[in-house]
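Colleague: Sequence plus the predicted model coming up.
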Amino acid sequence: MSFDRTLDESALFRICFVCTGNICRSPMAEVVFRELVRRAGFAGSVTVISAGTGDWHVGENSDERTIAALASHGYNGAGHRAKQFDPGWFDHLDLVVVFDRSQERILKSWATTEQDRGKVQLLLGFDHDQAPQLEVPDPYYSDAAMFDTVLGMIEHACSALFHQVEPGIRRRVS
């Protein structure tokens, strides 16, 4: 699936969640945030995508444990296919959300303008309760319980992020 078919440039707000391989954390956040957008009635106004900094898993499904954790919380993550972030996407995105400092450094180094570097933000930075932790741990080398823990962190932080961007979206929609 190409990026052009997943990004609706006519959307009022465009967000991309970026982790390392695009099979664990970022697909979780994409599914969770897309559901928050849908519930708020903004599905046609907000585009939510995800990608990885690396190309190791391009074209693959999410990790089985990601899909299982999402399903256990009532989400469907089965249709995801991993892709790598393309620095050319910065022009078309309003916000690029990462999960750890390594991804933040990589994406900021790929950005060619100060404006694009400013679009790169740590997910937990939006969540007052979790902000001191800075990073969402990568569950890839852990067990299914860690995937559930990480999903809980992502749900909480995505909710906080959504509540911060919702007023601006609402103003632009009405």
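Modeller: Received the coordinates, thanks. Keep in mind it's a predicted model, so treat the numbers as computed, not measured.
Colleague: give the contact list for Asp55.
Modeller: Asp55 is in contact with Gln84, counting by Cβ atoms under 8 Å, 6 or more residues apart in numbering. All C-beta spots, glycine's among them, are computed from the backbone N, C-alpha and C.
Colleague: please redo it, this time with the cut-off set to 10 Å
Modeller: By Cβ atoms under 10 Å, 6 or more residues apart in numbering, the contact set of Asp55 is Gly21, Asn22, Ala82, Lys83, Gln84, Phe85.
Colleague: Show me which of these is closest to Asp143.
Modeller: Proximity of these to Asp143 was ranked by Cβ to Cβ; the top entry is Gly21 with 17.7 Å.
Colleague: Is that closest one in contact with Gly52, as I believe?
Modeller: Yes. At 4.6 Å, Gly21 counts as touching Gly52 under the criterion of Cβ atoms under 10 Å.
Colleague: Spit out the residues that contact the two alike.
Modeller: The contact sets of Gly21 and Gly52 overlap at Pro27, Val58, Ala82, Gln84 (Cβ under 10 Å, 6+ apart).
Colleague: are any of the residues you listed buried, and which?
Modeller: Neighbour counting by 16 or more other Cβ atoms under 10 Å classes Pro27, Ala82, Gln84 among the shared contacts of Gly21 and Gly52 as buried.
Colleague: which residues does the last one form a beta bridge with?
Modeller: Each beta-bridge partner of Gln84 is listed here: Gly52, as defined by DSSP bridges.
Colleague: Contacts only, for it.
Modeller: By Cβ under 10 Å, 6+ apart, the residues touching Gln84 are Phe3, Val18, Gly21, Asn22, Ala51, Gly52, Thr53, Gly54, Asp55, Trp56, His57, Val58.
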